[in-house]
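[1] Give me a 3D structure for the following:
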Amino acid sequence: MLHITKVAVGCTDADMLAERLSSRAIGGESWVPTRYRPTRHEELIGGSLYWIVKHQLIARSRIVGFDEVEGRCHIRIDADLVPVRIRPRRAHQGWRYLAADDAPGDLNGAVDDLAALPPGLMSELAALRLI
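    Next up, the predicted model:
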C-alpha cells in the first residue's frame, strides 16, 4: 500500500484540520487541492494521506480517488481524520510518497494511553523518538 504526506497549511492542531475538512465535506468525502496529480495515483487509492502539523505526522485520511478540476488535481479523501502515533516529519511543499512500512500506526481512539498526553509532551517524546 502506498501513502502520501502533506502539510496542513495554516492548521495548528488536529481539531482545526478536522474542521477544515468537514467544512468542504459532501457525502462523507472531502478534497484537498494540489497542483499536479501524483504519477502513482492509482497505487494511492485505498491508501492514506498523512497530515503534517507543526513538523509532525498527526493524523491520516483515507484516499478515495482523484479528480481534475480546472486544471488542478483534487485528492478525494474521507472527511473523517484518524489520529496516528505522532512521528516527526519535516515540512515540505506539495506531497511526498510514504511507503506502508514507514507509515505510523493508528492511535485506536481513547484506548491508547498516548492520546491522553498533552500535545507538547507528545511532541517532545516524538522528537526524541521515544514514541
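[2] drop to CA atoms for contacts and neighbour counts, all remaining ones
    OK.
[3] and the longest strand along the chain, what other elements does it pack with?
    Determined from DSSP state E, the single longest strand within the chain is strand 56-69. Using 3 or more CA pairs under 8 Å, 6 or more residues apart in numbering; DSSP states H and E as the contact criterion, the elements in contact with strand 56-69 are strand 48-53, strand 72-78, strand 82-88.
[4] now the angle between strand 56-69 and the second one, please.
    Spelled out, that is strand 72-78. 120 degrees (axes from the mean of the first three to the mean of the last three CA atoms, to 10 degrees).
[5] ok, now the shortest one?
    With the same axes, to 10 degrees defining the directions, strand 48-53 sits at 120 degrees from strand 56-69.
[6] and the helices and strands packed on strand 56-69, which is most packed in?
    Burial of those is given as mean neighbour count (mean count of other CA atoms under 10 Å); strand 48-53 ranks first at a mean of 26.
[7] Can you name every helix or strand that that one contacts?
    Looks like strand 48-53 contacts strand 2-7, strand 56-69 (3+ CA pairs under 8 Å, 6+ apart).
[8] coming back round to it: residue 23: which of the helices and strands packed on strand 56-69 is closest?
    Evaluated over the helices and strands packed on strand 56-69, closeness to residue 23 peaks at strand 72-78, with 12.7 Å, by CA to CA.
[9] what are the pairing partners of the closest one, and which direction each?
    Sheet pairing of strand 72-78 (DSSP bridges) gives strand 29-34 (antiparallel), strand 56-69 (antiparallel).
[10] Quick check: which of these is nearest to residue 82?
    Nearest to residue 82 among these is strand 56-69; the distance by CA to CA comes to 5.2 Å.
[11] contacts for that closest one?
    With contacts defined as CA atoms under 8 Å, 6 or more residues apart in numbering, strand 56-69 is touched by 14, 37, 41, 44-52, 73-90, 104, 123.
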